[in-house]
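**Q** Dropping a prediction and its sequence here:
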Amino acid sequence: MMLPRESEPGGPYARRLAQFRHELRSLAESPSRAALERMLLRAGELGLGHNEVGEELSDIKACLEAVDVQTRLERGELPVVDSLEALPPGDACHFVSPVRFGRRRADQFGHLLLTSGWLKFRGALDVSIVWSEIGSVRRDGRDLVVALHDSRRVLRFSCHSLAEAAVGGVIAEHLVRAASSEPSGSPAFHASV
């Protein structure tokens, strides 16, 4: 009988890798800081490094950044960052990231801004959507997927890093929830070239 080699399916390496990925998947949708930190340690305990689980480790670190932002939001501390453009009085910028917007061949490159009143994309094509017209924002890897109310239209913004997408997703979700509790008299959607 021949035992599987370290790198062969069913070998000790494959079992450790499968065990780590299983434990990671078993975390809840919104894992705690402690659970995420345990998973970083667990990779080391299983002898798995960046070459084996680099993508998973990057995602865990991105989630840790998002958990930190979520904790600050729960304390009422909405981050404020410098905007790329002048904003109307009372509007503040909470997130800026270089992004790719669109679907493959029609992609536009520019910046995503999340302000108190609007989700804005600034590039060759400018898009502004008031938060009350956004039904949901979810993160899909490095992408932020924005669904509009009363529409099947979905906007996809691809961030450069998982951390940017994770933090942007948390802030956007917060702004969508805040807008749903306030009436809005602003225009819903504006695009210009």
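**A** Structure's in. What do you need?
**Q** contacts and neighbour counts: CA atoms only from here.
**A** Will do.
**Q** and the host helix or strand of Leu112, what does it pack onto?
**A** Using DSSP states H and E, the element containing Leu112 is strand 108-115. Applying 3 or more CA pairs under 8 Å, 6 or more residues apart in numbering; DSSP states H and E, one finds that strand 108-115 contacts strand 93-101, strand 118-123, helix 162-180.
**Q** Now tell me what touches that strand from outside.
**A** Residues lying outside strand 108-115 but in contact with it, judged by CA atoms under 8 Å, 6 or more residues apart in numbering, are 83, 91-102, 119-125, 157, 168, 171-172.
**Q** ok, now with 10 Å
**A** With CA atoms under 10 Å, 6 or more residues apart in numbering as the test, strand 108-115 has contacts from 80-81, 83-85, 87, 91-102, 119-128, 130-131, 157-159, 168, 171-172, 175.
**Q** what angle do that strand and strand 118-123 make?
**A** Orientation of strand 108-115 against strand 118-123 (axes from the mean of the first three to the mean of the last three CA atoms, to 10 degrees) gives an angle of 160 degrees.
**Q** now strand 108-115, how far from the centre of its chain.
**A** What separates the centre of strand 108-115 from the centre of its chain is 14 Å, taken as CA atoms, centre = their mean, to the nearest Å.
**Q** model confidence over that strand, on average?
**A** Mean pLDDT, strand 108-115: 95.
**Q** buried residues in that strand?
**A** Within strand 108-115, the residues scored as buried using 16 or more other CA atoms under 10 Å are Gln108, Phe109, Gly110, His111, Leu112, Leu113, Leu114, Thr115.
**Q** Which one of the residues you listed is nearest to Glu56?
**A** For those, the minimum distance to Glu56 (CA to CA) is 25.2 Å, reached by Leu112.
**Q** that older thread, rebuild the helices and strands packed on strand 108-115 as CSV, extending it with mean neighbour count.
**A** Supplementary listing: the helices and strands packed on strand 108-115 in CSV, determined by neighbours: other CA atoms under 10 Å:
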stretch, mean neighbour count
strand 93-101, 22
strand 118-123, 22
helix 162-180, 21
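**Q** do you know which of these lies nearest Ala62?
**A** For Ala62, the closest of those is helix 162-180, at 4.0 Å, according to CA to CA.
**Q** Model confidence for Val96, exactly?
**A** 97.
**Q** pretty sure it is touching Glu164, no?
**A** Yes - assessed by CA atoms under 10 Å, Val96 is found in contact with Glu164 at 9.0 Å.
**Q** Kindly provide the distance from the residue lying closest to Gly141 once chain neighbours are set aside to Arg100.
**A** Sequence neighbours aside, Leu162 is the residue nearest to Gly141 in space, at 6.3 Å (criterion: CA to CA, 6 or more residues apart in numbering). Shown here: Leu162 relative to Arg100, a distance of 14 Å by CA to CA, to the nearest Å.
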